[in-house]
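Peer 1: Predicted structure and sequence below. I'll ask about it afterward.
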Amino acid sequence: MSLLRLSLAGSAGVLGLLLLLFGACRTDGPDTTTAGAADEDTAVAEASPSDTSTAMPDSADRPGPPPPAPAPGTARLRAEIIECDASAEPVRCQVRVITVLAYGSSTPPISSGEHAVRLASSLLDERGVSALEASGPRTVVARHAGDQPDLGQQSGNERPEWTIQSIRP
């Protein structure tokens, strides 16, 4: 019977300690754990777009990935076609390079300003020379000629170093 009394006394002691523990964790004030989270959500929603001190919700208008790097030996340029000579084969054009957007690997630099270039024949299939001249500044991909031989080169004519491969608005 003494073993039973000790078990009851031990159980009562453990129960008393649990009640003290729960009582110490309880507060008489309002529940602040959920109210603070609601206030933060409201603060984010009410923040002005120019206020950078508060976090703004993620925007669905994320910029797309950057365009891939140009191929080796090519450069992506912002340029304007000034004039073209369609009587020559290949067609030669005078372009004004406004800015270089990107270089492919092993591509020599090209400076801003006017340059003589060749025009890829595939570009003439799509549009006429006069349409290219009147198109204004465009994004073009130009390929450097490198050390490739020019079989159509006549004596006295200087071969352009660059060939325009594509033109985009």
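Peer 2: Good, I have the coordinates.
Peer 1: lowest-confidence helix or strand of this protein?
Peer 2: Here the helix or strand of the chain ranked lowest by mean pLDDT, DSSP states H and E is helix 32-46, holding a mean of 52.
Peer 1: Check which element follows it along the chain.
Peer 2: Beyond helix 32-46 in the direction of the C-terminus, DSSP states H and E gives the next helix or strand as strand 74-85.
Peer 1: which secondary structure elements does that following strand contact?
Peer 2: strand 92-103, helix 129-133, strand 138-144 (3 or more CB pairs under 8 Å, 6 or more residues apart in numbering; DSSP states H and E). (C-beta placed from N, C-alpha, C; glycine too.)
Peer 1: could I get these as TSV with mean neighbour count, mean pLDDT and distance to residue 15?
Peer 2: Shown next, in TSV, are those (neighbours: other CB atoms under 10 Å; pLDDT from 0 to 100; distance: least, CB to CB, whole Å):
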stretch	mean neighbour count	mean pLDDT	distance to residue 15
strand 92-103	17	95	75
helix 129-133	15	78	92
strand 138-144	21	94	79
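Peer 1: now these in a markdown table, with distance to residue 79?
Peer 2: Listed next are the helices and strands packed on strand 74-85 as a markdown table, based on distance: least, CB to CB, whole Å:
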| stretch | distance to residue 79 |
| --- | --- |
| strand 92-103 | 5 |
| helix 129-133 | 11 |
| strand 138-144 | 5 |
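Peer 1: Which one, of these, ends up nearest to residue 118?
Peer 2: Closest to residue 118 of the helices and strands packed on strand 74-85 is strand 92-103 (CB to CB; 5.9 Å).
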